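Q: build me a model:
(one chain, ligands or ions: 2)
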Amino acid sequence: MHVSDLSPGHSPAATPTIPPVALQRLDPGIPVPQRAHDGDAGVDLCSTTDVTIEPGRRVLVGTGIAVALALGTVGLIHPRSGLAAKSGLSVVNTPGTIDAGYRGEIKVCLINHDLDTPIEIRRGDRIAQLLVQRVELVSFVEVESLDGTTRGSDGHGSSGGHASLVGNASEGA
Ligand SMILES: O=c1ccn([C@H]2C[C@H](O)[C@@H](COP(=O)(O)OP(=O)(O)OP(=O)(O)O)O2)c(=O)[nH]1
Ligand SMILES: [Mg+2]
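A: Ligands and ions are numbered 1, 2, ... in the order given. Modelled structure (predicted):
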């Protein structure tokens, strides 16, 4: 083994791998999801349908893919940043949660955030990405009171540093 294999972030042993995930193609015309580059976090998911998303509208599209995730892992559906920046395409419920027990088709709830221009999706377009991560299946225990912290119940911008609001944007906040 080369010494560089032992450096943090490069050693296979440093990141214990999740076994390969069983994947079913429900639509044989859709390719098996792939990483665009070695080491990419996500595999790209394709739309099974042609659809036009009008400005501000959303649509649920199929991917033709189903997976059997191991207990203790979760699938996360993330938007693709290029499409987000170029056209305003995103995922409504980002990141979407694929439960380990789910065996149905992975679907993506796409939204067009652009104010003016419709987005045309074609069958086979890579519209989102699927990440698989470990997840702790913690249990919860109800208590009468919680331990004290310096933050306490301060939240929602209590530490400052948020962008300036313009006009009446602060009203209703
Ligand atoms: O982007 C997504 C999100 C979810 N799902 C599927 C897999 C997931 O396991 C299931 C339920 O998702 P979630 O728990 O987020 O939705 P819910 O509204 O709570 O539905 P349920 O009552 O079925 O849990 O729907 C997708 O195909 N795509
Ligand atoms: Mg749920």
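
Q: burial measure for Thr52, as a count.
A: 11 (other Cβ atoms under 10 Å). The way it works is simple: take the backbone N, C-alpha and C, and place the C-beta from them, glycine included.

Q: and for Leu165?
A: Each residue near Leu165 was counted by other Cβ under 10 Å, and the total is 10.

Q: wait, what's in contact with Ala100?
A: Leu69, Ala70, Leu71, Gly72, Thr73, Val74 (Cβ atoms under 8 Å, 6 or more residues apart in numbering).

Q: so the spatially most central residue of the chain bridges to which residues?
A: Nearest to the geometric centre of the chain sits His78, at 2.4 Å (Cα atoms, centre = their mean). In this entry, His78 is beta-bridged to Gln129, by DSSP bridges.

Q: now, which of the contacts of Ala100 lie within helices?
A: In helices, judged by DSSP state H, none of those are found.

Q: how long is stretch 139-147 end to end?
A: One end of stretch 139-147 to the other measures 18 Å (Cα to Cα, to the nearest Å).

Q: pLDDT on that stretch, on average?
A: On average, the pLDDT along stretch 139-147 is 98.

Q: could you turn the buried ones of the contacts of Ala100 into a PyMOL selection?
A: Buried residues within the contacts of Ala100, by 16 or more other Cβ atoms under 10 Å, are selected in PyMOL with:
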select buried, resi 69+73+74
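
Q: state the distance from the residue of the chain found nearest ligand 1 to Leu137.
A: At 2.1 Å from ligand 1, Gly96 is the closest residue in the chain, using Cβ to the nearest ligand atom. Applying Cβ to Cβ, to the nearest Å, the value for Gly96 to Leu137 is 19 Å.
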